[in-house]
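A.B. asks: requesting a structural model of the entry that follows:
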Amino acid sequence: MMPEAQRVLHCYLAALALSLCGVTAPAADRKNETATPGKTRKGPEDSGKNAPAAPAGTAAGTAARRIILPKPGSYRAPGILRLAGKLHGLPVKVEQRELNDETIRISKQLGEKPVTLNELNLMLASQSFYLHVWDHPRHGKLLVVSRRQDWKPENLRFKKILTVGPRGFNHAWVAVQNTKEALNADLEPGSPRIVTLASVKAGKIFIWAPRKDWLQKVTMEAEKSISEALNSRQRLSSYKALHLRASRLKEALLEKFPEEELERIHITVAPWGNHLLYRANQEYSARLLELLKKLDKPPEKVR
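C.D. replies: Below is the predicted model of the structure:
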């Protein structure tokens, strides 16, 4: 074979081998680039991965944030509602304290998965938990949880804040809720209603009403309930016997006190001095003190 024919044949075989191996010549605009094993070139679809995120304070930033839900199952409402508060970046307040005793169910489709604010709102709304952002005039923005989808803070004309101690808080809140429901029951749909919020930690009950007399009525019922709770609470008192031995005075007291009411009081001799200790509510404590003073008299002298 002629040398020229051999050279042409070698070039043809080399080109055929390169085409079978999938190797192509680099493009003119990439001639200075080198391929690195394990790395791929970024395309247009990858250009947004490192783009700066929207600011957290904006609506777009809030909508884009995600939070991972717990495992599928039923959970007490406060824990799940706090997740909504984190996505909103706002403190959560429930319209009715009873909502804290409710449960929220997380399905298998959403359990242990990241969700956006809109997805969490849909899940809560499907279980009749509606979230409303309220720009409170004194406390700033709050995330109010209500059973009513059309809840609005429309009745802020008359307002009052009750400061209640921990022992009387439940009694006061029940009285406020009962009075509120009774007044709101006769209203037409869309009419301004009484709105109440509670903060157990701060010991405060917030009341807003469209009418001043309604606000006064709710306040009066709450204060009456607090007074009754304090009066019914048992307290420990002591009495120092002046003329009789404490043990003898106790026996005389139990003989005089009505037998059917003995279960309402507790009385014992103190381990120090000549004292009696008794526990009863305000009404019975006053009766015991009056009876002890009458019985604690010096014994009659024998002539």
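A.B. asks: and for the nearest residue to P114 once chain neighbours are set aside, the neighbour number?
C.D. replies: Distances taken as Cβ to Cβ, 6 or more residues apart in numbering put R66 closest to P114, at 4.0 Å, once the chain neighbours are dropped. Any C-beta I mention is one placed from the backbone N, CA and C, and that applies to glycine too. Neighbourhood size, R66 [other Cβ atoms under 10 Å]: 14.
A.B. asks: contact partners for R66?
C.D. replies: R66 makes contact with P114, V115, T116, according to Cβ atoms under 8 Å, 6 or more residues apart in numbering.
A.B. asks: so what's it bridging to?
C.D. replies: Beta-bridge pairing for R66 (DSSP bridges): T116.
A.B. asks: just the element for the closest residue to L262 other than its chain neighbours, please.
C.D. replies: Spatial nearest neighbour of L262, excluding adjacent residues (Cβ to Cβ, 6+ apart): L254 at 7.1 Å. Secondary structure from DSSP states H and E places L254 in helix 246-256.
A.B. asks: give me the contacts around that helix.
C.D. replies: 241, 244, 262, 267-270, 274-276, 288, 291-292, 295-296.
A.B. asks: now the buried members of those residues.
C.D. replies: A241, L244, I267, V269, N274, L276, L288, L292, L295, D296 (16 or more other Cβ atoms under 10 Å).
A.B. asks: so the last one versus L242, what's the distance?
C.D. replies: In other words, D296. 6 Å (Cβ to Cβ, to the nearest Å).
A.B. asks: cool, and the fourth one?
C.D. replies: V269 sits 15 Å away from L242, going by Cβ to Cβ.
A.B. asks: could you do K159 as well?
C.D. replies: 53 Å.
A.B. asks: mind checking which of the two has more residues around it?
C.D. replies: Just comparing K159 and L242: by other Cβ under 10 Å the higher neighbour count belongs to K159, 14 against 11.
A.B. asks: excluding chain neighbours, give the residue nearest to that one in space.
C.D. replies: W208 (4.7 Å).
A.B. asks: can you point out the buried residues in the helix or strand harbouring S237?
C.D. replies: Assigned by DSSP H and E, S237 belongs to strand 235-240. By 16+ other Cβ under 10 Å, the buried positions in strand 235-240 come out as S237, Y239.
A.B. asks: if we can go back for a sec, next step: the buried ones among the contacts of helix 246-256 restricted to helices.
C.D. replies: L288, L292, L295 (DSSP state H).
A.B. asks: turn the residues you listed into JSON lines, including distance to G85 and pLDDT.
C.D. replies: Shown next, in JSON lines, are these (distance: Cβ to Cβ, whole Å; pLDDT from 0 to 100):
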{"residue": "L288", "distance to G85": "50", "pLDDT": "86"}
{"residue": "L292", "distance to G85": "55", "pLDDT": "88"}
{"residue": "L295", "distance to G85": "61", "pLDDT": "87"}
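A.B. asks: residue contacts, S191?
C.D. replies: P210.
A.B. asks: what of the one 5 residues further on?
C.D. replies: Contacts were defined as Cβ under 8 Å, 6+ apart; by that measure T196 touches E95, Q96, V176, Q177, K180, I205, F206, I207, W208, V218.
A.B. asks: did I read that right, it in a helix?
C.D. replies: No. Read with DSSP: H, G, I helix; E, B strand; the rest coil, T196 is strand and lies in no helix.
A.B. asks: E98 versus that one, what's the distance?
C.D. replies: 12 Å.
A.B. asks: and the strands in the stretch 151-300 of the chain?
C.D. replies: Using DSSP state E, counting those that start in this stretch, the strands of the stretch 151-300 of the chain run over 158-163, 195-199, 204-209, 235-240, 266-269, 275-280.
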